[in-house]
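1. Okay, sequence plus prediction incoming.
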Amino acid sequence: MPLDPVLVRNNVRVLGEGPRAIVFAHGYGCDQSMWRLVTDAFASDHRVVLFDHVGAGGSDLSAYDPDRHGTLAGYAEDVIEICRALDLEDAVFVGHSVSAMIGVLAALREPGRIGRLVLVGPSPCYVNDGDYRGGFERGDIEGLLEMLDANHLGWSSTMAPVIMGNPDRPELADELRNSFCRTDPAIARSFAQVTFLSDNRADLPRVAIPVLVLQSAEDAIANEAVGRYVSEQIPGSRFVQLAATGHCPHLSAPQETVAAIRAFL
């Protein structure tokens with residue numbers, strides 16, 4: 001039987017045979033391998049679903065559509081199509097960074113497919129706006145995008161240590177930098193604009209399923225105030241402050257990340 005084209009498009013892998021599915025979605029410039037230190041802890045009693053966003057990892061680059069993937073809603077539609085292809089119902093969706101908001105949009109778009117959300121380092125809006133402090137001025141973001149345009153490899157080398165944190169463990173930043181450098185530069189630039197200039201604040205109060213917000217300490221991309229804002233805006237959500245530092249606790253502190261998700265489930 002030929003593989004479903006949706007599963008090929010997003011390089012979907014399924015591990016384990018538990019009664020409930022748990023879907024792991026990677027952040028900007030990454031791919032599904034970033035979850036490798038976490039997934040084994042869930043494969044014994046969950047159906048673990050891994051995938052790459054179009055333009056990342058082993059996804060089909062020819063499936064990239066500048067219109068569809070010009071908004072986070074397009075990536076959310078990809079997630080819904082993956083859920084349909086695997087016939088998922090009441091799945092747990094674990095979204096890191098930009099994938100946190102992609103998961104929110106997918107859960108709102110087709111209720112029933114996703115029954116719980118775990119938002120790791122989420123930000124609904126990176127740009128400061130009045131009393132809302134997303135962490136960056138609009139000019140900061142535009143400068144990052146201009147640098148990405150001019151020198152993709154230089155941007156990757158500069159930003160990876162900032163995003164990862166943990167300067168005493170340079171191998172973590174090296175992994176992230178290498179991941180950035182493997183990404184198609186044109187798609188990376190487009191996805192960066194979609195990521196850093198999206199505003200999903202109005203979507204948060206509409207979420208009506210259980211939600212866990214996992215917030216790292218000293219996160220230069222999504223600070224604690226943003227994480228608490230997300231939790232406050234989603235009715236009944238749970239906020240957990242991790243001891244882990246940096247924007248990628250699933251790499252820097254996988255055991256703590258697993259424990260927090262397990263407690264939520």
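-> Happy to help now that I have it.
2. remind me which residues of the stretch 51-200 of the chain are low pLDDT?
-> Along the stretch 51-200 of the chain, segments meeting pLDDT under 70 are nowhere present.
3. Count the neighbours of E256 for me.
-> Number of residues near E256 (other Cβ atoms under 10 Å) recorded here: 17. Glycine gets a C-beta too; all of them are placed from N, C-alpha and C.
4. ditto for G143
-> 12.
5. how much space between it and R206?
-> 33 Å (Cβ to Cβ, to the nearest Å).
6. Strands of the stretch 51-200 of the chain, start to end?
-> 91-96, 114-120 (DSSP state E, counting those that start in this stretch).
7. Mean neighbour count, the ones you listed: which tops it?
-> Mean neighbour count, computed with mean count of other Cβ atoms under 10 Å, is highest for strand 91-96 among the strands of the stretch 51-200 of the chain, reaching a mean of 27.
8. Which elements pack onto that one?
-> strand 20-25, helix 98-109, strand 114-120 (3 or more Cβ pairs under 8 Å, 6 or more residues apart in numbering; DSSP states H and E).
9. helices and strands around the longest one, which ones?
-> For helix 98-109, the packing partners by 3+ Cβ pairs under 8 Å, 6+ apart come out as strand 20-25, helix 72-85, strand 91-96, strand 114-120, helix 185-197.
10. Tell me the strands beside the first one, with direction?
-> Applying DSSP bridges to the sheet, strand 20-25 is found paired with strand 46-50 (parallel), strand 91-96 (parallel).
11. can you list the ones you listed in CSV and add distance to P167?
-> Converted to CSV, the strands paired with strand 20-25 look like this (distance: least, Cβ to Cβ, whole Å):
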stretch, distance to P167
strand 46-50, 29
strand 91-96, 21
